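> coords please:
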Amino acid sequence: MPQLLTGQKALVTGANSGIGRATAVALGRAGADVVVNYVFGPEAAEEVVEEIRSFGVRAYAHQADVAQEDQVVAMVARMVEEFGTIDVMVANAGLQRDAAIADMTVEQWHKVLDVNLTGQFLCAREAAKEFLRRGVVPEVSRSAGKIICMSSVHQIIPWAGHVNYAASKGGVLMLMQTLAQELAPKGIRVNAVAPGAIRTPINTSAWNTPEAEAALLTLIPYRRVGDPEDIADAVTLLASDLMDYVVGTTLYVDGGMTLFPGFATGG
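Next up is the predicted model:
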């Protein structure tokens, strides 16, 4: 990836593993200084920081639970103090607590909505405050700031047994679009990336055996399971000025999963 983000400051939540880790590394490789957010696993977060620093940019790790308002406020405030501002907010942190609807507890429901949806709201709000305060700095970027929400193909594909997760991602879609409508006149771009099946720790059981992978591939017209780097490259491009006229859009990075391949042979 070329140096598309030189001089910019990025924060990636949930960045010590999986998609978040790959995204933080990609943004650093593209020239951005990066804050690596994590909740658990400080050693892994520091490994990401060291890899990013190897590109000649600045990075540090910050522990914060994105579902906790005070922790998000403090995280962004520290970033502004240490880096001077923020240009790119990647609201990536997310989790699953799966259960059939008859067995799902209200705690499972709240935990997923709190992290996956409220967490993205809090991160977007704090980033927007700084974008609005600072405005456009033309020598850095054509926009006043970029917010990228990490969604999922399940913002439009129902997913039995995962009602809390699917509901949270459906909420992310409308959160992103409404923020984009509100903030675009201020020069702030809000978009989303919706991964399909990606090889990450959150869904290991879906691809870690030949049988599981073969079943998964029936849902993917492109006939391969995605890698975290596929998402990271999409985020990097979306954060850059090459995509300056892209506003309020979800970029599906799914190998064609949203083409509903079951209808390829009938319907």
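> Please pull out the lowest mean pLDDT helix or strand from the protein.
Ranked by mean pLDDT, DSSP states H and E, the weakest helix or strand in the chain is helix 210-217, scoring a mean of 88.
> which of the residues in that helix are buried?
Judged by neighbour count using 16 or more other Cβ atoms under 10 Å, the buried positions of helix 210-217 are L216, L217. Bear in mind the C-beta positions are built from the backbone N, C-alpha and C, glycine included.
> next helix or strand past that helix?
helix 228-239 (DSSP states H and E).
> Could you list every helix and strand in contact with that next one?
helix 18-29, strand 88-91, strand 145-150, strand 188-195, strand 250-253 (3 or more Cβ pairs under 8 Å, 6 or more residues apart in numbering; DSSP states H and E).
> just these: most buried one?
The highest mean neighbour count among these, using mean count of other Cβ atoms under 10 Å, belongs to strand 88-91: a mean of 30.
> ranges for the helices of this structure?
Ranges of helices within the chain are 18-29, 42-53, 69-83, 106-113, 119-134, 163-183, 210-217, 228-239, based on DSSP state H.
> mean pLDDT lowest for which of those?
Ranked on mean pLDDT, the bottom entry among these is helix 210-217, at a mean of 88.
> for that one, the distance to its chain's centre please.
25 Å (Cα atoms, centre = their mean, to the nearest Å).
> before we move on, what about stretch 10-18?
With Cα atoms, centre = their mean, you get 8 Å for stretch 10-18.
> now do stretch 152-166
16 Å.
> in it, what's buried?
S152, V153, H154, Q155, I157, H162, V163, N164, Y165, A166.
> What separation is there between the fifth one and M257?
Going back to what we said before, that points to I157. 7 Å (Cβ to Cβ, to the nearest Å).
> before we move on, the earlier item: tabulate the helices and strands packed on helix 228-239 (TSV), appending distance to E50.
Converted to TSV, those look like this (distance: least, Cβ to Cβ, whole Å):
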stretch	distance to E50
helix 18-29	11
strand 88-91	20
strand 145-150	24
strand 188-195	25
strand 250-253	27
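> Pull the contacting residues for G145.
Residues counted as contacts of G145 (Cβ atoms under 8 Å, 6 or more residues apart in numbering) are I86, D87, V88, M89, A127, A128, E130, F131, R134, G187, I188, R189.
> Name the nearest residue to it, ignoring sequence neighbours.
Nearest residue to G145 in three dimensions, chain neighbours excluded: F131, at 3.2 Å (Cβ to Cβ, 6 or more residues apart in numbering).
> Contact partners for the one you found?
F131 touches I86, A144, G145, L183, K186, G187, I188, counting by Cβ under 8 Å, 6+ apart.
> Show the buried residues in these.
I86, A144, G145, L183, G187, I188.
> Out of the residues you listed, the closest to M174 would be?
Among those, L183 lies closest to M174 (Cβ to Cβ), at 14.6 Å.
> show me what contacts that closest one?
A128, F131, I147, R189, V190.
> Pipe these into a markdown table and attach distance to R53 per row.
What follows is the contacts of L183, written out as a markdown table (distance: Cβ to Cβ, whole Å):
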| residue | distance to R53 |
| --- | --- |
| A128 | 28 |
| F131 | 26 |
| I147 | 25 |
| R189 | 27 |
| V190 | 29 |
